[in-house]
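1. build me a model from this:
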Amino acid sequence: MSEIQKIKQAIMEDPQNKSYTEQGIEPLFAAPQTARINIIGQAPGLKTQEAGLYWKDKSGDRLREWLGVDEDTFYNSGYFAVMPMDFYFPGHGKSGDLPPRSGFAEKWHPKLLKELPDIQLTLLIGQYAQAYYLNEKVSGKVTERVCHYQDYLPEFFPLVHPSPRNQIWMKKNPWFEADVLPDLKKRVKKIIGE
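-> Numbering: from 1, shown residues only. Alright, predicted model coming up:
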């Protein structure tokens with residue numbers, strides 16, 4: 001059993017995740033040792049949890065478009081790690097999905113990151129990932145961080161969530177498609193050598 005498989009087993013055996021494991025729900029993450037780009041978002045949505053595959057929805061389609069990669073490269077190349085702030089769907093809230101459970105990333109991300117020696121860029125999608133990894137407060141500063149993404153390079157690249165619901169945000173912030181996405185695609189292409 002590989003170290004990653006041992007960590008996955010430990011996650012499933014953790015009492016915090018007991019109700020998911022009892023329902024036959026496995027944690028959604030990917031940590032190939034050859035990964036060069038790490039994608040950290042909020043938590044799986046219900047559709048992706050039901051599909052048993054991270055970013056397998058319209059948001060995932062848009063994310064791959066932003067990265068300039070196809071599905072096969074995204075899922076099968078071994079270049080991409082996916083480590084959300086919580087590996088399970090946290091449930092529905094009043095205005096969307098509930099936030100990731102606190103303490104989850106703190107417990108499991110360091111163990112997984114130890115097994116990923118070749119990460120060159122970490123994409124931080126949304127306020128929870130950004131607040132945690134940039135040591136800032138969870139706030140409405142996502143637009144500000146994304147606008148000033150170069151301040152966080154070369155290690156981190158903050159992004160807004162690729163949900164189709166963010167269409168209004170993209171219209172209000174045309175600089176994102178004009179400036180940020182071309183730079184992201186260029187960096188991804190350079191890192192994965194395609």
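2. can you give me the helices in the protein?
-> Assigned by DSSP state H, the chain shows helices spanning 3-13, 18-22, 46-51, 58-67, 71-76, 104-113, 127-133, 142-147, 167-172, 175, 181-192.
3. the longest one vs helix 58-67, what angle?
-> Read that as helix 181-192. With axes from the mean of the first three to the mean of the last three C-alpha atoms, to 10 degrees defining the directions, helix 181-192 sits at 80 degrees from helix 58-67.
4. run through who's touching the helix or strand of the chain with the lowest mean pLDDT.
-> None of the helices or strands of the chain scores lower by mean pLDDT, DSSP states H and E than strand 96-97, at a mean of 80. Identification of contacts with strand 96-97 by C-beta atoms under 8 Å, 6 or more residues apart in numbering yields 42-43, 45-46, 89-91. (Glycine included, C-beta is placed from N, CA and C.)
5. okay, the helices of the chain, which one's buried deepest?
-> helix 127-133 (a mean of 21; mean count of other C-beta atoms under 10 Å).
6. I'd like to know which elements that one is packed against.
-> Secondary-structure packing of helix 127-133 (3 or more C-beta pairs under 8 Å, 6 or more residues apart in numbering; DSSP states H and E): strand 121-125, helix 142-147.
7. could you dump the ones you listed into a markdown table with distance to Ile37 and mean pLDDT added?
-> Output for the helices and strands packed on helix 127-133, formatted as a markdown table (distance: least, C-beta to C-beta, whole Å; pLDDT from 0 to 100):
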| stretch | distance to Ile37 | mean pLDDT |
| --- | --- | --- |
| strand 121-125 | 5 | 98 |
| helix 142-147 | 17 | 95 |
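8. okay if I get these as CSV plus distance to Asp14?
-> Shown next, in CSV, are these (distance: least, C-beta to C-beta, whole Å):
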stretch, distance to Asp14
strand 121-125, 24
helix 142-147, 29
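9. circling back to that earlier point, what strands flank the least confident helix or strand of the chain, and is each parallel or antiparallel?
-> Strand 96-97 sits in its sheet next to strand 92-93 (antiparallel), going by DSSP bridges.
10. hmm, who's touching the strand it pairs with?
-> Identification of contacts with strand 92-93 by C-beta under 8 Å, 6+ apart yields 46, 98-99.
11. any idea how far that strand is from the chain center?
-> Centre-to-centre, strand 92-93 and its host chain are 19 Å apart (C-alpha atoms, centre = their mean, to the nearest Å).
12. same thing with stretch 173-185?
-> Centroid separation for stretch 173-185 versus its chain: 19 Å, with C-alpha atoms, centre = their mean.
13. out of the helices of the chain, which gets nearest to Glu155?
-> Distance to Glu155, taken as C-beta to C-beta, is lowest for helix 127-133 among these, at 8.8 Å.
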